[in-house]
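1. Just to be clear, the model below is a prediction. Sequence and coordinates:
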Amino acid sequence: MLKTIVKITHIFKVFRIKKNLIMILKKIYILKIYFLIIFISLISFNSFSQQSDKKFTVVLDAGHGGKDPGNRGNNYYEKKIALKIALTTGDILKRKSDINIIYTRKKDVFIGLIKRAEIANKADADLFVSIHCDAHNSNAYGAGSFVLGLHANQRNFEIAKKENNVIFYEENYEQKYDGFDPNNPESVISLTLMQETYLDQSIKAADAIQKSFKNNLKRKDRSVKQAGFIVLKYTYMPSVLVEAGFLTNKREGAYLNSSKGQKEISAAIADGILNYLSSLKVSLNQNDSYQQVDLENKNEEIYFRIQLAASSKSLEPKSYNFKGLNPIFKEKEGKLYRYYFGKFNSYSDAKKMKRKAARSGFKSAFIVSFSGDKKVKLSSVID
């Protein structure tokens with residue numbers, strides 16, 4: 001009997017030990033899960049911070065180089081002047097912690113036009129600026145900026161032809177550029193469609209640079225123009241070609257070739273880029289027209305769309321024109337057609353689809369909010 005009692009007592013002790021051990025193991029398991037959740041949260045927060053702190057990437061393209069000297073007005077070398085201006089502009093912009101600078105060339109080497117665009121696309125750049133010096137058989141002077149488009153006049157065609165003739169330095173240029181002929185105005189029409197996606201932002205960037213030339217240096221403003229530059233066609237981001245001045249003008253050529261002139265021009269270009277970036281930070285939608293809507297008293301549907309592009313061309317709102325994205329909506333606003341992707345009832349869904357649009361190549365896409373058929377400020381419909 002005593003042995004039986006001792007055995008039962010031992011069993012109860014073992015049971016209590018096992019029970020306590022199980023409770024301890026449960027607590028350890030819960031603690032592990034707790035710390036795992038904290039760890040994942042920290043990783044997610046860090047990832048989000050890195051994404052939101054993404055630097056604004058600018059690709060600076062010094063025109064010509066190597067076997068391509070560029071224009072030789074007054075015996076100067078466009079390739080050398082363009083390189084000096086590009087490098088100095090980059091040095092100025094690098095002082096800003098939120099800007100990343102990439103050069104298509106840092107020394108006197110020849111780089112094909114498509115290769116320049118590939119460098120920018122591979123870098124997932126936010127802005128491409130190609131720097132050149134102009135030439136003319138008159139005494140023309142002043143700084144001008146160009147975005148891709150059809151030539152408005154013969155003068156613009158001649159400027160583009162001069163820069164596009166670089167392709168003749170490249171081997172197999174007929175295959176590389178799909179039979180493009182710089183001397184044929186008809187060839188330019190096929191160039192313009194892709195960059196139409198970024199036309200709005202390209203014009204804004206070019207305008208910011210032109211204003212900087214005019215306001216900071218009192219240069220003659222030759223304004224923002226459109227012309228068919230190959231180097232701009234293959235870039236998938238807002239892109240500008242700057243003609244810093246005329247080497248063929250004796251006075252301006254000497255200025256462009258001087259250390260003082262190159263520093264001042266570089267500072268003006270950098271200032272223009274910074275002003276453009278500031279305008280993006282203020283609001284990607286700043287120049288769009290919005291309706292004042294009393295959201296509390298209106299029962300109209302609130303929804304969101306992703307603006308992919310704004311173009312002077314009327315395109316079919318089909319997925320094949322917009323890299324497979326669907327559905328696409330087209331609306332005319334002033335002289336521009338605006339192209340939107342999707343219709344979303346929640347802001348979180350819109351943000352997901354904006355990321356999808358960016359992955360498809362529309363990195364400048366942004367969210368637009370609507371009340372019924374009226375565009376409204378995004379801040380008025382989200383917390």
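-> Happy to help now that I have it. What you are looking at is a predicted structure, and each value in this text was computed from that prediction instead of being measured.
2. Look at Val240 and give its secondary structure.
-> Here Val240 is strand, with the state taken from DSSP: H, G, I helix; E, B strand; the rest coil.
3. Just after the worst-scoring helix or strand of the chain on mean pLDDT, pick out the following helix or strand.
-> Least confident helix or strand, the chain: helix 2-52 with a mean of 47, by mean pLDDT, DSSP states H and E. In the C-terminal direction, the helix or strand that comes right after helix 2-52 (DSSP states H and E) is strand 56-62.
4. So what touches stretch 349-363?
-> 124, 126, 197, 236-237, 304-306, 308-309, 322-325, 341-342, 344, 365-367 (C-beta atoms under 8 Å, 6 or more residues apart in numbering). Yep, even glycine has a C-beta here, placed from its N, CA and C like the rest.
5. from those, which would you call buried?
-> 126, 197, 236-237, 304-306, 308-309, 322, 325, 341-342, 344, 365-367 (16 or more other C-beta atoms under 10 Å).
6. For the stretch 201-350 of the chain, just list every one of the strands.
-> For the stretch 201-350 of the chain, the strands defined by DSSP state E, counting those that start in this stretch occupy 221-227, 239-246, 302-311, 328-333, 336-344.
7. so can I have JSON lines of these showing mean pLDDT and distance to Asn71?
-> As requested, these are exported to JSON lines (pLDDT from 0 to 100; distance: least, C-beta to C-beta, whole Å):
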{"stretch": "strand 221-227", "mean pLDDT": "82", "distance to Asn71": "16"}
{"stretch": "strand 239-246", "mean pLDDT": "94", "distance to Asn71": "9"}
{"stretch": "strand 302-311", "mean pLDDT": "86", "distance to Asn71": "32"}
{"stretch": "strand 328-333", "mean pLDDT": "89", "distance to Asn71": "40"}
{"stretch": "strand 336-344", "mean pLDDT": "89", "distance to Asn71": "34"}
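8. ok, and which of those has the densest surroundings?
-> Among the strands of the stretch 201-350 of the chain, strand 239-246 has the highest mean neighbour count (mean count of other C-beta atoms under 10 Å), at a mean of 28.
9. now for that one, which elements pack on it?
-> In terms of contacts (3 or more C-beta pairs under 8 Å, 6 or more residues apart in numbering; DSSP states H and E), strand 239-246 is packed against helix 78-93, strand 127-134, strand 143-148, helix 199-217, helix 230-233, helix 250-257, helix 259-282.
10. Note down every partner strand of it and its orientation.
-> Its sheet considered, strand 239-246 pairs with strand 127-134 (parallel), strand 143-148 (antiparallel) by DSSP bridges.
11. Enumerate the positions of the first one that are buried.
-> Buried residues in strand 127-134, defined by neighbour count with 16+ other C-beta under 10 Å: 127-134.
12. swap in stretch 367-383?
-> Residues 367-371, 375-378, 381 are the ones in stretch 367-383 that count as buried (16+ other C-beta under 10 Å).
13. Let's see that stretch as PDB, backbone CA atoms only.
-> Extracted in PDB, the C-alpha atoms of stretch 367-383 (Å, rounded to 0.1, in the frame of the first residue of the first chain):
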ATOM      1  CA  ILE A 367      -2.500  59.600 -58.300                       C
ATOM      2  CA  VAL A 368      -5.400  61.900 -59.200                       C
ATOM      3  CA  SER A 369      -8.600  62.100 -57.200                       C
ATOM      4  CA  PHE A 370     -12.100  62.700 -58.600                       C
ATOM      5  CA  SER A 371     -15.500  63.600 -57.200                       C
ATOM      6  CA  GLY A 372     -18.000  62.500 -59.800                       C
ATOM      7  CA  ASP A 373     -16.600  63.800 -63.000                       C
ATOM      8  CA  LYS A 374     -14.600  66.600 -61.400                       C
ATOM      9  CA  LYS A 375     -11.000  66.500 -60.500                       C
ATOM     10  CA  VAL A 376     -10.300  67.500 -56.900                       C
ATOM     11  CA  LYS A 377      -7.300  68.000 -54.700                       C
ATOM     12  CA  LEU A 378      -5.900  64.800 -53.300                       C
ATOM     13  CA  SER A 379      -5.500  66.300 -49.900                       C
ATOM     14  CA  SER A 380      -9.200  67.000 -49.700                       C
ATOM     15  CA  VAL A 381     -10.200  63.400 -49.900                       C
ATOM     16  CA  ILE A 382      -7.600  61.500 -47.900                       C
ATOM     17  CA  ASP A 383      -6.700  61.800 -44.200                       C
END
